[in-house]
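In: Provided below for reference: sequence and predicted model.
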Amino acid sequence: MGFFLEFGCMLKIGITGGIGSGKSTVAKIFALLGVPVYYADDAAKTIMQTDALLIQQVKAHFGDHMYDSNNVLDRAALGKIVFNDKDKLELLNSLVHPATIRHSDEWADRQTAPYVLKEAALLFESGSFQFLDKCIGVSAPQPLRILRVMRRDNISRNDVLARMYKQIDDNIKMKLCDYVIRNDEQEMVIPQVLALHKTLLQLAAEA
Ligand SMILES: CC(C)(COP(=O)(O)OP(=O)(O)OC[C@H]1O[C@@H](n2cnc3c(N)ncnc32)[C@H](O)[C@@H]1O)[C@@H](O)C(=O)NCCC(=O)NCCS
Ligand SMILES: Nc1ncnc2c1ncn2[C@@H]1O[C@H](COP(=O)(O)OP(=O)(O)OP(=O)(O)O)[C@@H](O)[C@H]1O
């Protein structure tokens, strides 16, 4: 971290948190304040259906039947495979993460703002934190995160846990972050975002 600070460029800030922590929801509040936000998980979904090389690689490793004739990915089928097989998940990550990092860099180059946000579940797991100036963590208690995702995605508790266990433990993840926003439905979120926005604008002005 620090490269962009040293050279006085626009700051690149990561925002992360475990599954169901509410990082996308919190990122949307920053977006309302005018901050450009890159949603890496959403971008990965798009790239997996538009990047010809990536589609070819996923087909080669996981079978042509993962895509229909319009290159629409069968996410449920692929999820069933990779969230139950560590090696296969690592393989998929090694194909998707570099493509997503490339795409987010190209996106950042097109932005003009004091700072931009990159929202991603796997900032630390994918190594993309290295290219960021600061990281924000969004935290929420595990039982609440599980309930949120079961409701949002209409999936079982076991399916949520299978994804959760493939991520760095949230207590460790929050320690790796420079700032933490509590999204536990007890503490108000908007005042925390406003305070952090002010801090980041100040940091960008000093850079
Ligand atoms: C396996 C896939 C097709 C399953 O799709 P599905 O629609 O069921 O889940 P979705 O992508 O919405 O992910 C739901 C949540 O699971 C978690 N999750 C997703 N991918 C991963 C992963 N590789 N490791 C750990 N957790 C993950 C995240 O918290 C994510 O928000 C999809 O998750 C995928 O392609 N994952 C690998 C690429 C990736 O890492 N994407 C996310 C970050 S770039
Ligand atoms: N403070 C909150 N109060 C009520 N519901 C919330 C709150 N924060 C998030 N949620 C809800 O919890 C669910 C999970 O939030 P969100 O999608 O933002 O999480 P996420 O961290 O991006 O998850 P994932 O890693 O799975 O993409 C969503 O349905 C969202 O609307």
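Out: Everything's here; your move. Ligands and ions are numbered 1, 2, ... in the order given.

In: Let's check: the centremost residue of this structure is which one?
Out: Closest to where the C-alpha atoms of the chain average out (C-alpha atoms, centre = their mean) is Ala120, at 0.8 Å.

In: Contact partners for that residue?
Out: Counting by C-beta atoms under 8 Å, 6 or more residues apart in numbering, Ala120 touches Gly14, Ile15, Thr16, Ala40, Asp41, Ser126, Ser128. C-beta here means a position set from N, CA and C on the backbone, and glycine is covered the same way.

In: Can you get me a residue count around the fifth one?
Out: Just to be clear, that refers to Asp41. Asp41 has 14 neighbours, counted by other C-beta atoms under 10 Å.

In: I'd like the next helix or strand past the helix or strand of the chain with the lowest mean pLDDT.
Out: Ranking every helix and strand in the chain by mean pLDDT, DSSP states H and E puts helix 3-6 at the bottom, with a mean of 41. Going down the chain from helix 3-6, the next helix or strand is strand 11-16, by DSSP states H and E.

In: returning to that earlier point: and the contacts of Ala120, which is closest to ligand 2?
Out: Among the contacts of Ala120, Asp41 lies closest to ligand 2 (C-beta to the nearest ligand atom), at 5.3 Å.

In: For that closest one, list the residues it contacts.
Out: Asp41 makes contacts with Ser24, Glu119, Ala120, Ala121, as judged by C-beta under 8 Å, 6+ apart.

In: can you do 7 Å?
Out: Asp41 is in contact with Ala120, Ala121, counting by C-beta atoms under 7 Å, 6 or more residues apart in numbering.

In: mind checking pLDDT for it?
Out: We note a pLDDT of 91 for Asp41 in this prediction.

In: how about the residue of the chain positioned farthest from its centre, secondary structure?
Out: Seen from the C-alpha centroid of the chain, the residue lying at the greatest distance (C-alpha atoms, centre = their mean) is Ser69, 28.7 Å away. Three-state call for Ser69 (DSSP: H, G, I helix; E, B strand; the rest coil): coil.

In: The lengthiest helix in the chain vs ligand 1: in contact?
Out: The longest helix of the chain (DSSP state H) is helix 86-109. Yes: Helix 86-109 lies within reach of ligand 1 by C-beta under 6 Å from any ligand atom, at Leu89, Leu92, Asn93, Val96, His97, Thr100.

In: What residues sit buried inside that helix?
Out: 89, 91-93, 95-97, 99-101, 103-104, 108 (16 or more other C-beta atoms under 10 Å).
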